[in-house]
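# Next one to model:
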Amino acid sequence: MLLGIHLSLMIGPEQPVPAPAAITEALVGVEATLADEGQSGFQLTFQAGRSGRPDLADYPLLLNPLLRPFNRVLLTVIFNATPRVLMDGFITRTQLTPSEDPGASTFVVTGEDVSVVMDLIDNKLPYPAMGERDIVDFVLLKYLPYLVKPATTVEPRSVQRPPPTESIPTQGGKTDLKYIQELARRCGHVFHVTPGPLPRQNSAYWGPPERIGVPQPALTAIHWSHRMFALVVVAVVGWTVFATRKALHGLAVSIGLLLVLQFSLGVANVAFSLPLALAAAHNAGAAALLAALVVLNFFAFRGLRPSG
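Predicted coordinates:
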């Protein structure tokens, strides 16, 4: 095979096979949307047209059984002889857009990743003495034919596993997909299915959002500089509090408490990946500590003591 980029389209009722020439020759556009939260999807655009007496009744592509809803579609990109699965899913909708201009009619096939098969049947099953992760693992077992291995699931920080004598979690008439997504939202998790690594294989993930991005050296340097100088500030302000503890006892104690609070908020921001509430509190703490140090400086350099 020559080096470059090649697209492979496979399609079929359950196990996809290479698409016939009648489909591949009419294909004019491919779009795939990969999501790390929710469902991924694809869209295939075909040039639709009629030619000759056999096509007078309808457009040929509309009559092709391979392009009907719930046929499985497998898209693979081969880049420099290395295959990469772009999408593995099922057709969910088709749309014909006719045109009076020759060759301008289009037939669009839209679909979703294999998790769409989890969204077909409503269930009311009970899950006695099971936590959220246990329920997700149990529900996903029935979809192993579409997965490369058992799903990757992460235990929530707070596990709710009520005894059967108190309450029994039930699916409540939701589909498996809707119920798994509801459990994910309840735990601050996400659920998604990623195609690959090999054709007809997929990886399911239920856990905290994966925040793996491109390394940013400048941003990393800023964070580490902030932390290093924070230690310097702790040492200097701590010494200042110690030196003024007798002359300005009340103010020194207040500054010491603010320093401890500010340091604790900084550690919490690092531990919990900068949640908005903690970041705002850290900024407010810095402002309060600065104001207290300005007041201390005012009294210290004038040899005064705060009244009261």
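
# contacting residues for residue 135?
Residue 135 makes contacts with 127, 169, 179, 183, as judged by C-beta atoms under 8 Å, 6 or more residues apart in numbering. Bear in mind the C-beta positions are built from the backbone N, C-alpha and C, glycine included.

# The stretch 201-308 of the chain: helices as residue ranges?
Remark: helices assigned in the stretch 201-308 of the chain by DSSP state H, counting those that start in this stretch are 217-243, 249-271, 276-300.

# quick one: which of these is nearest residue 65?
Closest to residue 65 of the helices of the stretch 201-308 of the chain, according to C-beta to C-beta: helix 276-300, at 51.8 Å.

# quick one: that closest one to chain centroid distance?
Centre-to-centre, helix 276-300 and its host chain are 36 Å apart (C-alpha atoms, centre = their mean, to the nearest Å).

# Give me the buried positions along it.
With burial defined by 16 or more other C-beta atoms under 10 Å, the residues of helix 276-300 counted as buried are 278, 281-282, 285-286, 289, 292-293, 296, 300.

# packing partners for that helix?
On a contact count with 3 or more C-beta pairs under 8 Å, 6 or more residues apart in numbering; DSSP states H and E, helix 276-300 meets helix 217-243, helix 249-271.

# For the longest one, buried residues please.
Across helix 217-243, burial judged by 16+ other C-beta under 10 Å covers 237, 240-241.

# looking at the helices and strands packed on helix 276-300, which has the lowest confidence?
When the helices and strands packed on helix 276-300 are compared on average pLDDT, helix 217-243 comes out lowest at a mean of 82.

# if we can go back for a sec, output the buried residues of helix 217-243 in CSV, with distance to residue 86 appended to each entry.
Listed next are the buried residues of helix 217-243 as CSV, based on distance: C-beta to C-beta, whole Å:
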residue, distance to residue 86
237, 55
240, 60
241, 60
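
# which one of these is nearest residue 91?
Of the buried residues of helix 217-243, the one sitting nearest to residue 91 (C-beta to C-beta) turns out to be residue 237, at 64.5 Å.

# Distance-wise, check the closest one relative to residue 283.
Counting by C-beta to C-beta, to the nearest Å, the separation of residue 237 from residue 283 is 17 Å.
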